[in-house]
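**Q** The sequence and its predicted three-dimensional model are supplied below.
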Amino acid sequence: MTRDPQQVSPDQPSLTAELVDRLSRFEGPPEQFLANLLAVQCYIAAAENGTILRLAPDGSTEVLAVHPPVPPGTTAPSWLGRTVEAAPGVLSAGSTAIKPLHDREDLYGQPARRHLVMIPLRSSSGFTGLASFVVDTGDASVLRASRERLELTVSLLSLYELRLSLQRRQVDLRRLRSAMETLSAVNEHDRFAGGAMTFCNELASRYQSDRVSLGFLKGRYVHLRAMSHTEKFSRKMKLVQDIEAAQEECLDQDVEIIHPAGQDATFVNRFTKELSTRHGPTAVVSLPLRRESKPCAVVTLERPAEKPFAAEEVESLRLTCELCTARVVNLYEHDRWIGAHAAAGMRKGLAALIGPKHTWIKALGLLGVLVVVFLLFAKGPYRAEAPFALEATRQQVLSAPFDGYLKSVSVRPGDSVEGGRTVLATLETAELRLQLASAQAEQLGYAKQAAAALRDRKTAEAQIAQAQADKAAAQARLLEYEIRQASIVSPVGGSVITGDLERRIGAAVKTGEVLFEVAPLESLRAEISVPEEDIADVRESMEGELATASYPERRIAFTVERINPAAEVVNQRNVFKVRAQLHERPSWLRPGMEGVAKISIAQRHYAWVWTRKLINWVRMKLWW
């Protein structure tokens, strides 16, 4: 067995401690380490065969290493198939398992001469690996000793994984340090030319590149803006045009373009290959620089073809570019004269406004603009809104014609009556009729006395008797008048406003006591209480519409007839009473009805109509 720590073979004798020490310091690839680990474990535990398995996320079992190796194209040994079958159960149990391994020539019931020692391998996420060994022994003590040696040497795998993790961490730290040093060098410059040149020179130095180029997207094409170790260059140069073509190829695909590319490459690198062929041969890599997840620039590195870019170098380049992109792009956008800066900002704004992205936001913005334009230029009716109450211009008051008692009532408030025809109520007339009969009898008696006196030529007595007869006649006529007045009839037609007397039938009434009030419907008008902030715009002869609370769906047109010049306080607000003449008077209108009236003043812009009250309030508060 050689002393090289990268290769361990049990075919040569070696001390166990030396073998373990060499494995603990092994730094080769994982495949070689697993093969050496199995060889050492089989040597130490006197095992015939060994394997290391891994349980895949989909539940399948993957064989990582076998000792001794199975020749390609041959059938897997039976012990390996038995291990694969038992692996899920051993891993779920999480402890070492020893299973007998019978050969085909073994008799039924005969103890097994060989055994499988299956040891779960623990990782940070649980038991996901398994080491299995074939030990050719039937002695329990020997089997136990082999198991202990195998369990002790399994820890070498964890040690190797820890060492690999530390190595990866050190590599990552070196990459981060290199990227931070590049960023620090770029940050020392306040102008784009110096920053871009430093960025290219740093990449050329750290990655042994002959040429590093930096191009920025301008419109639809990439323009080369910086080249390592080169202060001036012309876009007419064939080299510059080829570099820009390769960078556009990278930016269009938004992926890293490498030449020479691997067999499994999915990107197109035709222009990159032409760049390498015409100006080389060279190894080329182009990386897009992204800002806000959008590619805006490309950096291209070229070096001799015998030094192709490895995957680790591309990862380090990617990290450096991600850290430096913000600073380089910021210098590029701001280190321009004010005209170019303004033009770029306008172009960006127009692209965001007209471009295909953010459709809903643009639709809402367009809708908002249309609403603003509509409010500023479209005109609509400006109307003063105020409450109103219907009232009658004149009312007919019907009172008791004499002292008496209420006999009957024919109407109630709200009923319609015809002028001179509808009897509203009647008073008792029995006593008046008795008084009328008495007066008529007295008149007849005095008339006879006057006739007898004239016959006897008693002129004086005749005259006195005649006067008494005339007095009785006048009294009779008065009683007849009162009897006729006992039937209370409204001289005008209209609606009964007051006079709910059904509960007073039989009660006494006094002469002149108001019994009913009748308002003619044709005399109804609206009294509108206009707030003082709107009264300045209201003029006589203006028209409008009103709606009552009883029939809000019906509109009645009106004309402003008169404006009361004095304000009144209603509900702690100053209002002006405005009288309006109705254009129509439906039969359902009643005095006292209330609702809302709107007086049409003028045609104004909707923005002015809807913000007028707010602007007036601000002016009053700020004295503006």
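**A** All right, it came through fine. This is a predicted model, so every value here is computed, not measured.

**Q** where does the stretch 351-500 of the chain have low pLDDT?
**A** Applying pLDDT under 70 to the stretch 351-500 of the chain flags residues 351, 353.

**Q** Would you map the strands across it?
**A** 379-392, 396-399, 404-409, 416-417, 423-427, 487-489, 494-498 (DSSP state E, counting those that start in this stretch).

**Q** Ok, which of those strands comes nearest residue 462?
**A** Of all those, strand 404-409 sits nearest to residue 462, with 37.6 Å by Cβ to Cβ. Bear in mind the C-beta positions are built from the backbone N, C-alpha and C, glycine included.

**Q** so what does that closest one touch, helix or strand wise?
**A** Contacts defined by 3 or more Cβ pairs under 8 Å, 6 or more residues apart in numbering; DSSP states H and E place strand 404-409 against strand 423-427, strand 508-509.

**Q** Pick the most buried one from the ones you listed.
**A** Compared across the helices and strands packed on strand 404-409, strand 423-427 shows the largest average neighbour count, a mean of 20 (mean count of other Cβ atoms under 10 Å).

**Q** Direction included, what does it pair against?
**A** Using DSSP bridges, the strands paired with strand 423-427 are strand 404-409 (antiparallel), strand 487-489 (antiparallel).

**Q** Tabulate the ones you listed (TSV), appending mean neighbour count.
**A** Below are the strands paired with strand 423-427 laid out as TSV (neighbours: other Cβ atoms under 10 Å):
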stretch	mean neighbour count
strand 404-409	18
strand 487-489	18
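
**Q** I am assuming residue 547 contacts residue 594, so please confirm or correct that.
**A** No. Contact criterion Cβ atoms under 8 Å: residue 547 and residue 594 do not qualify, at 10.5 Å.

**Q** between these two, who's got more neighbours?
**A** More neighbours surround residue 547 than the other of residue 547 and residue 594, with 16 against 13 (other Cβ atoms under 10 Å).

**Q** In contact with that one, which residues?
**A** Taking Cβ atoms under 8 Å, 6 or more residues apart in numbering, we find residue 547 in contact with 553-556, 595-596.

**Q** Buried subset of the residues you listed, written for ChimeraX?
**A** A single ChimeraX command selects the buried members of the contacts of residue 547 (16 or more other Cβ atoms under 10 Å):
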select :556,595
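
**Q** ok so, going back, quick one: the strands paired with strand 423-427 as a markdown table, columns for distance to residue 284 too.
**A** Formatted as a markdown table, the strands paired with strand 423-427 follow (distance: least, Cβ to Cβ, whole Å):
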| stretch | distance to residue 284 |
| --- | --- |
| strand 404-409 | 114 |
| strand 487-489 | 118 |
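
**Q** okay, and for the protein, where does confidence drop off?
**A** Ranges of the chain meeting pLDDT under 70: 1-16, 103-110, 123-127, 336-337, 339-341, 344, 350-351, 353, 624.

**Q** Walk me through the domains of it.
**A** Listed by automatic domain parsing, the domain ranges of the chain are 16-168, 188-340, 396-518, 520-604.

**Q** how long is the shortest one end to end?
**A** Counting by Cα to Cα, to the nearest Å, the length from the leading to the trailing residue of domain 520-604 is 39 Å.

**Q** hang on, the earlier thing: nearest to residue 363 among the contacts of residue 547?
**A** Proximity of the contacts of residue 547 to residue 363 (Cβ to Cβ) peaks at residue 553, which lies at 36.3 Å.

**Q** how about the residue nearest to the closest one when sequence neighbours are not counted, secondary structure?
**A** Closest residue to residue 553 apart from its sequence neighbours, by Cβ to Cβ, 6 or more residues apart in numbering: residue 547 at 7.5 Å. Of the three states, residue 547 takes strand under DSSP: H, G, I helix; E, B strand; the rest coil.

**Q** how about the helices in the stretch 251-400 of the chain?
**A** Using DSSP state H, counting those that start in this stretch, the helices found in the stretch 251-400 of the chain span residues 270-278, 311-334, 338-354, 359-377.

**Q** Throw the ones you listed into TSV and include distance to residue 301 and mean neighbour count, thanks.
**A** Shown next, in TSV, are those (distance: least, Cβ to Cβ, whole Å; neighbours: other Cβ atoms under 10 Å):
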stretch	distance to residue 301	mean neighbour count
helix 270-278	11	18
helix 311-334	7	17
helix 338-354	28	11
helix 359-377	39	11
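
**Q** Looking at these, which is nearest to residue 426?
**A** Proximity to residue 426 (Cβ to Cβ) singles out helix 359-377 among the helices of the stretch 251-400 of the chain, at 66.4 Å.

**Q** List the contacts of that closest one.
**A** With contacts defined as Cβ under 8 Å, 6+ apart, helix 359-377 is touched by 353, 605-607, 610.

**Q** Which single one of those residues is nearest to residue 477?
**A** Using Cβ to Cβ, those come closest to residue 477 at residue 610, 72.9 Å.

**Q** For the closest one, identify the helix or strand it belongs to.
**A** Secondary structure assignment for residue 610, by DSSP states H and E: helix 606-622.

**Q** what angle do that helix and strand 379-392 make?
**A** Between helix 606-622 and strand 379-392, the angle comes out at 70 degrees (axes from the mean of the first three to the mean of the last three Cα atoms, to 10 degrees).

**Q** Show me what helix 606-622 is in contact with.
**A** 374-376, 378-380, 382, 533, 624.

**Q** and if you look at stretch 233-247?
**A** Stretch 233-247 has contacts (Cβ under 8 Å, 6+ apart) with 213, 215, 221-224, 227, 257, 271-272, 274-275, 278-279, 284, 286, 298, 300.

**Q** Only the buried members of those: can you turn that into a ChimeraX selection?
**A** Only the buried entries of the contacts of stretch 233-247 go into this ChimeraX selection, using 16+ other Cβ under 10 Å:
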select :213,215,222,224,227,257,271,272,275,279,284,286,298,300
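
**Q** you'd agree residue 62 is in a strand?
**A** Yes. Residue 62: assigned to a strand according to three-state DSSP.

**Q** Which parts of the stretch 1-150 of the chain are strands?
**A** 47-55, 61-67, 97-101, 114-123, 126-136.

**Q** Contacts only, for residue 402.
**A** Neighbour list for residue 402: 427, 432, 482, 485, 511 [criterion: Cβ under 8 Å, 6+ apart].

**Q** just the contacts of helix 359-377 now: which is nearest residue 571?
**A** residue 610 (24.7 Å).

**Q** And that closest one, how far from residue 375?
**A** Using Cβ to Cβ, to the nearest Å, residue 610 is found at 7 Å from residue 375.

**Q** Give the closest residue to residue 549 in space, chain neighbours not counted.
**A** The shortest distance from residue 549 to any non-neighbouring residue, by Cβ to Cβ, 6+ apart, is to residue 595 (5.1 Å).

**Q** Give me the buried positions along the host helix or strand of the one you found.
**A** In this assignment (DSSP H and E), residue 595 forms part of strand 594-605. Within strand 594-605, the residues scored as buried using 16+ other Cβ under 10 Å are 595, 597-599, 601, 605.

**Q** and which of these is nearest residue 36?
**A** Each of the buried residues of strand 594-605 was scored against residue 36 by Cβ to Cβ, and residue 605 proved nearest at 89.2 Å.

**Q** Could you double-check that that closest one lies in contact with residue 382?
**A** No. Residue 605 lies out of contact with residue 382 (Cβ under 8 Å); the separation is 9.1 Å.
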